[in-house]
Structure formats: C-alpha cells, structure tokens
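Peer 1: below are the sequence and a predicted model; questions follow.
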Amino acid sequence: MQASVYIMASGRNGTLYIGVTSDLVKRVWQHKQGFVEGFTYKYAVKSLVYYEQHISMESAILREKQMKKWRRQWKVNLIQENNPHWEDLWGSIIEN
C-alpha cells in the first residue's frame with residue numbers, strides 16, 4: 001500500500017473533494033459505493049480525477065493540507081494539466 005493524495009469530482013468542473021489514504025483503490029471504491037458518509041456522499045462526488053502517490057503518509061498529509069488551502073482555480077488547473085477530459089481514473093488504478 002502506498003500513501004496517496006487524490007481529488008474526486010462530481011463531474012467536469014463540478015464539486016471537488018481532496019483526500020489522503022494509504023489504500024487508494026479501497027478508498028475510491030468506498031466513495032463510489034457511497035460508503036463514505038458526509039461531503040462526498042451528500043454531493044455525489046464519485047469520479048477520481050487526479051491522484052499522486054507519496055513515499056510516506058507524512059508527505060501525503062502535508063500535500064493534502066497544502067492543496068486544501070488552494071483556490072479552486074488552482075485545483076481545476078492541476079486536474080486539467082493531468083486529466084484534460086476529466087476522465088474517471090478508476091480503471092487505471094485497479095489495473096495496477
């Protein structure tokens with residue numbers, strides 16, 4: 001398992017959620033199934049649009065905190081630079 005920071009979206013330019021986890025596949029699956037109550041459940045945030053892996057949980061948590069302070073447009077820019085069509089990256093993480 002590897003520490004990851006991820007961004008989920010409700011759709012292209014939709015509601016965004018930034019999280020951190022030690023098991024990206026399991027965590028995204030939980031979001032998709034609606035098992036994570038709260039913000040992502042309430043706003044139907046189920047599409048993985050960005051993620052980055054880190055060598056430690058500490059560095060992932062620091063990055064998550066940094067990204068959560070960003071303006072929305074910075075988050076959108078990060079997604080569009082790496083995933084211009086806002087495709088759900090779920091398939092790419094379950095294949096690895």
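Peer 2: Right, received. Where do you want to start?
Peer 1: contact partners of the least confident helix or strand in the chain by mean pLDDT?
Peer 2: Every helix and strand of the chain was ranked by mean pLDDT, DSSP states H and E. The lowest is helix 39-42, at a mean of 89. Helix 39-42 is contacted from outside by Met8, Tyr17, His31, Gly34, Val45, Lys46, using Cβ atoms under 8 Å, 6 or more residues apart in numbering. Heads up, the C-betas are built off the backbone N, CA and C, glycines and all.
Peer 1: buried residues in it?
Peer 2: By 16 or more other Cβ atoms under 10 Å, the buried positions in helix 39-42 come out as Thr40.
Peer 1: now do stretch 47-64
Peer 2: For stretch 47-64, a neighbour-count test (16+ other Cβ under 10 Å) marks Ser47, Leu48, Val49, Tyr50, Tyr51, His54, Ala60, Arg63, Glu64 as buried.
Peer 1: does the fourth one touch Asn83 like I think?
Peer 2: Yes. Applying Cβ atoms under 8 Å as the test, Tyr50 and Asn83 come out as touching, 6.0 Å apart.
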